[in-house]
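J.: I'd like to go over a predicted model; first the sequence, then the structure.
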Amino acid sequence: MAFLCRVDLLDKSYLSVEIQKSAKGCALLDHVFDVLNLRETEYFGLQFVDSKKQLTFLDGEKTMKKQLKDVHCSFWFVVKLYPESPSSIIEDITRYLVCLQVRKDLLDGRLPCAVDAAVLFGSLYAQAELGDYDLDKHKADYLETIEFFKICSERMLKRVSELHQTHTGLTPAEADYKFLDRACCLELYGAHFLSVTVLFHSIDQRERIVRLAVSWAGLSVYDGKSPDHIRRLGLPWRRVSHIAFDRKKLKVCDIEENEWEFFCESRRECKRFWKICAEHHTFFRRTEARTPKSPILSAFKMSSRFRYSGRTQREVRQESLQNGHPPEYVRSRSLSPSHVLSDRRTRPETGSMSTNSTSTSGTFI
């Protein structure tokens, strides 16, 4: 028996894929990466709503039937490991997809920013999507019909238009680079949050409600009651000595032997966040992934045996540089309505062709 899966992509197109229950998650992941002609794959993942109604990432090492209950499944192709900067990425297609994700994060409110930054983001978005400002083509209301600008005031749209005019000559790829270069400076860029927890500090015996976040830079602790994301503690990876979990308890120690214990809402949530920490630490801090388990991720006997199975950022960069010619791709107009993506190596510039991809014994034909 097979699962019929819909995979929504970042440019509002989608794939319809049929995959056997016995296939591993990597079969679906590899198929999506192949259709997108994507080589720097470790930055991305597929999210879905699991049986506990929680949004989670598809595990490439587990079978589909172990992770899914419904034979009609929806997935979202998303950025999983946000790069430190646009210069960390070698290929334009990867940078373009990360840019689409950050645009969505801004639009959905997951990545708050100041007004001046929002104006800059809007102007670079317009340059990437619409090209150079043209007085004859771009009338006074040319931004109002674009989803990215629907929540903007008239005054803000005017500022965006004025700044758009200063970007003349920038190619879409250059506009994406500048967009990401500024986005990487935002406080919550690339942050994955753990649900509300109680922080217990073994030194001063204080307890408080906090939110714990992990990103390429390390771990951060934010005030759980403040909507302004006030950071109480920042632990860059170089300072973290180990992270472990035992049931609902997540334990973090730094190189100065300070210790924190975070009590999570459930063991499932605690383990999920620990795995995200393991992936971030291995990808961004280690030179090779296929080495013995790092002591940073082991302390309690109850900790998971999970191992990050992909390449590290350094390995991704080295292989991309050695590949020579970058993969061909066509920028899809993300302003367009949803459409089915054809099963080809490059995306169609306009229109699309509906296809179903089938598989046998966990491999795609």
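T.: Arrived safely.

J.: could you use CA atoms for every contact and neighbour count after this?
T.: Noted.

J.: centroid-wise, who is the farthest residue in the chain?
T.: The C-alpha centroid of the chain is most remote from residue 136, which lies 37.9 Å away (CA atoms, centre = their mean).

J.: pLDDT wise, what is that residue at?
T.: Per-residue confidence (pLDDT) for residue 136: 86.

J.: contact partners for it?
T.: Under the criterion of CA atoms under 8 Å, 6 or more residues apart in numbering, residue 136 has no neighbours.

J.: okay, and it sits in which element?
T.: Here residue 136 is covered by no helix or strand, with elements defined by DSSP states H and E.

J.: any idea which element the nearest residue to residue 26 once chain neighbours are set aside lies in?
T.: Of all residues not flanking residue 26 in the chain, residue 60 sits nearest, at 4.0 Å (CA to CA, 6 or more residues apart in numbering). In this structure, residue 60 sits in neither a helix nor a strand according to DSSP H and E.

J.: for residue 60, grab phi and psi.
T.: Per-residue torsions, residue 60: phi -70, psi -20 (degrees, to the nearest 10).

J.: just residue 143 next, same as before
T.: Torsion angles, degrees, to the nearest 10, at residue 143: phi -90, psi -20.

J.: do you know the pLDDT at the residue lying closest to residue 63 once chain neighbours are set aside?
T.: In space, and not counting its chain neighbours, residue 63 is closest to residue 24: 3.9 Å by CA to CA, 6+ apart. On pLDDT, residue 24 comes in at 93.

J.: report the separation between residue 24 and residue 256.
T.: 41 Å (CA to CA, to the nearest Å).

J.: of those two, which one has the most company?
T.: Between residue 24 and residue 256, counting by other CA atoms under 10 Å, residue 24 is the more crowded of the two (23 against 9).

J.: show me the contacts for the more buried one.
T.: Residue 24 neighbours (CA under 8 Å, 6+ apart): 60, 61, 62, 63, 64, 362.

J.: skipping its backbone neighbours, what lies nearest the residue nearest to the spatial centre of the chain in space?
T.: Centroid-nearest residue in the chain, with CA atoms, centre = their mean: residue 79, separated by 2.2 Å. Using CA to CA, 6+ apart and skipping the chain neighbours, the partner closest in space to residue 79 is residue 44 (4.4 Å).

J.: same question for residue 55.
T.: Looking at residue 55 with CA to CA, 6+ apart, the closest residue is residue 49, at 4.5 Å.

J.: contacting residues around stretch 34-52?
T.: For stretch 34-52, contacts defined as CA under 8 Å, 6+ apart pick out 29, 33, 55-58, 67-69, 73-83, 91, 93-94, 310-311, 316, 320, 327-329, 343-347.

J.: ditto for stretch 308-320
T.: Contacts of stretch 308-320 (CA under 8 Å, 6+ apart): 39-40, 42, 88-91, 278-279, 282-290.

J.: now these: which count as buried?
T.: Burial of the contacts of stretch 308-320 was assessed by neighbour count (16 or more other CA atoms under 10 Å); the buried members are 39-40, 42, 89-91, 278-279, 282-286, 289.
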